[in-house]
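>>> what follows is a predicted structure for the sequence shown.
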Amino acid sequence: MTNRHKVFVSYFHESDQGYRNRFEQICKDVIVSRSVDIGDIDPNLKTETVRQRIRDEYLRDSSVTVVLIGAQTWQRKHVDWEISSSIRDTEKNPRSGLLGYVLPTHPDHGQRLFNLKTIPPRLYDNIVRKFAVLYCWTEDQTVIQRHIHEAYVMKDSVDPDNSRPLFANNRSGSEWQ
């Protein structure tokens, strides 16, 4: 497979930076990374400014968003905003494909079934819609490349669900309601 995609990686920076680094190392020959690094965006900016910078500077030319899902990823407002911006289809920013990888830091890693209330809610909505797919973490570059390409193809076949209100704040608890 020779399809090389521009990939935005969404994840909880504080807990899962190592997995994001590993993902990009594994895939360095098959993806072009468009991810936000720690310190790229001033956390003191207004909410709408942060959302706009993510959308216009990082997601603008990405074709697939990969969500790395650790134990607390579902709680993070930035992950919600990144997924929402990824699946919007606008003149400046075309819609991206979407998929998730359950990391070893997630309580359900390695299980056949996942507690879907412990993955980002907007990702869940799109798994139900069959716009996105959820996988267990893998370090097999060929498998990852296939998943990314399948998400890229799917983005034009199924309409995503972006109806959920955006997170105003980070959330807490063991699962979303």
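In hand now; what should we look at?

>>> lowest-confidence helix or strand of this protein?
helix 47-53 (a mean of 81; mean pLDDT, DSSP states H and E).

>>> convert that one to CSV, retaining C-alpha atoms only.
Provided in CSV are the C-alpha atoms of helix 47-53 (Å, rounded to 0.1, in the frame of the first residue of the first chain):
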residue,chain,number,x,y,z
THR,A,47,-11.7,29.1,23.9
GLU,A,48,-12.7,30.2,20.4
THR,A,49,-9.2,31.3,19.5
VAL,A,50,-7.8,27.9,20.6
ARG,A,51,-10.5,26.1,18.5
GLN,A,52,-9.8,28.2,15.5
ARG,A,53,-6.0,27.7,15.7
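
>>> from the chain's centre, how far out does it sit?
17 Å (C-alpha atoms, centre = their mean, to the nearest Å).

>>> the next helix or strand after it pairs with which strands, and in what direction?
For helix 47-53, the succeeding helix or strand toward the C-terminus, using DSSP states H and E, is strand 64-69. Strand 64-69 pairs in its sheet with strand 5-10 (parallel), strand 97-102 (parallel), by DSSP bridges.

>>> now what about strand 64-69, what contacts it?
5-11, 16, 19-20, 23, 59, 73, 79, 82-83, 86-87, 96-103, 106, 119-120, 123, 134, 137, 148, 151-152, 155 (C-beta atoms under 8 Å, 6 or more residues apart in numbering). Placement of C-beta: from N, CA and C, glycine included.

>>> hey, least reliable of the strands paired with strand 64-69 by pLDDT?
Of all the strands paired with strand 64-69, strand 5-10 carries the lowest average pLDDT, namely a mean of 92.

>>> and the helix or strand following that one, how far out from the chain middle?
Once the chain leaves strand 5-10, the next helix or strand it forms, by DSSP H and E, is helix 13-26. The gap between the average C-alpha position of helix 13-26 and the chain average comes to 13 Å, counting by C-alpha atoms, centre = their mean.

>>> for whatever helix or strand comes next after helix 13-26, packing partners?
Per DSSP H and E, the first helix or strand lying C-terminal to helix 13-26 is strand 31-33. Judged by 3 or more C-beta pairs under 8 Å, 6 or more residues apart in numbering; DSSP states H and E, the packing partners of strand 31-33 are strand 5-10.

>>> any low-confidence regions in the protein?
1-2 (pLDDT under 70).

>>> same thing but at 90, please
1-4, 29-62, 89-94, 110-114, 177 (pLDDT under 90).

>>> what's across from the residue positioned nearest the centre of it in the sheet?
Nearest to the geometric centre of the chain sits residue 67, at 2.6 Å (C-alpha atoms, centre = their mean). Assessed by DSSP bridges, residue 67 has beta-bridge partners residue 10, residue 100.
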